[in-house]
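J.: model the structure of this input:
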Amino acid sequence: MDNAENEEQPIKLVIMGMENAGKTTIMDVLTGKINVTPNKPPSMNPTKGVERSTILFFEKETKVWDFGGQESFRNKYLSNPKKYFYTISFFYYVVDIQDYYRLIQSVMYFKAVFNLIRKYSPEAKIIFLFHKLDPDYVPDERNLKGKFLEKVEPDLKLENIPYTIYDTTIFDIKSIKTAFGQE
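T.: Presented below is the predicted three-dimensional model:
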């Protein structure tokens, strides 16, 4: 076997979710690009399309694909799946647990993406980040985390797909580092 055949595929980490779920902010906090002031979220511009970068993840160089979550971009990803969903190693799906009005859209988006990931990256590890569990956030009877899982778990269990769940907030860097295996 020659060296070209022996080389490992680069790690591809994908982070997706609805717009304003906090995907880019999570990555910027994780990589130290921004520092967060207690109880004051940073001002961020929406990601347009896919921003690609490289980070050290599990002590390996990792290609990060941060997907903008606006509807026009979501439609673009779904209509060209080979371009976006091939060879994913880690798939992070971010759910804004404070955005009650977009929960069903987020469920539907996850389900559409999940089907494509199963087709193009069946070995991808699936990780949910229930994000914006901020210090001043008080969960209410709506239980968005529970409702989201209630809608997506049957699909995951039907195919016997393992997944991991983390509660995160940018105001607790450890919650983010833990979700990315850095703590």
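
J.: what strand or helix carries the residue nearest to Val107 when sequence neighbours are not counted?
T.: Once flanking residues are discounted, Val107 sits nearest to Lys151: 4.4 Å by Cβ to Cβ, 6 or more residues apart in numbering. C-beta: built from backbone N, CA, C; applies to glycine. Assigned by DSSP states H and E, Lys151 belongs to helix 144-158.

J.: off-centre distance for that helix?
T.: Between the centre of helix 144-158 and the centre of its chain there are 16 Å (Cα atoms, centre = their mean, to the nearest Å).

J.: helix or strand right after the helix of greatest length in the chain?
T.: Secondary structure assigned by DSSP state H gives helix 103-120 as the longest helix of the chain. Per DSSP H and E, helix 103-120 leads on to strand 125-131 as the next helix or strand towards the C-terminus.

J.: give me the buried positions along the longest helix of the chain.
T.: Across helix 103-120, burial judged by 16 or more other Cβ atoms under 10 Å covers 103, 106-107, 109-110, 113-114, 116-118, 120.

J.: packing partners of the host helix or strand of Lys174?
T.: Lys174 belongs to helix 173-179 when assigned by DSSP H and E. Where contact means 3 or more Cβ pairs under 8 Å, 6 or more residues apart in numbering; DSSP states H and E, helix 173-179 is packed against helix 23-30, strand 163-168.

J.: if you compare these, which one is most tucked away?
T.: helix 23-30 (a mean of 22; mean count of other Cβ atoms under 10 Å).

J.: give me the mean pLDDT for that helix.
T.: For helix 23-30, the mean pLDDT works out to 92.

J.: and that helix, what does it pack onto?
T.: strand 11-17, strand 50-57, strand 60-67, strand 90-96, helix 173-179.

J.: that helix to strand 163-168, inter-axis angle?
T.: 80 degrees (axes from the mean of the first three to the mean of the last three Cα atoms, to 10 degrees).

J.: in contact with the nearest residue to Leu144 once chain neighbours are set aside, which residues?
T.: By the measure of Cβ to Cβ, 6+ apart, the closest residue to Leu144 outside its immediate chain neighbours is Ile97, 4.8 Å from it. Shown in contact with Ile97 (Cβ atoms under 8 Å, 6 or more residues apart in numbering): 130-133, 137, 139, 144-145, 167.

J.: before we move on, back to that, among the helices and strands packed on helix 23-30, which is nearest Val36?
T.: Set against Val36 and scored by Cβ to Cβ, the helices and strands packed on helix 23-30 come closest in helix 173-179, at 7.6 Å.

J.: list of residues touching the closest one?
T.: The contact list for helix 173-179 (Cβ under 8 Å, 6+ apart) reads 26, 29-30, 36, 92, 127, 129, 133, 166-170, 183.
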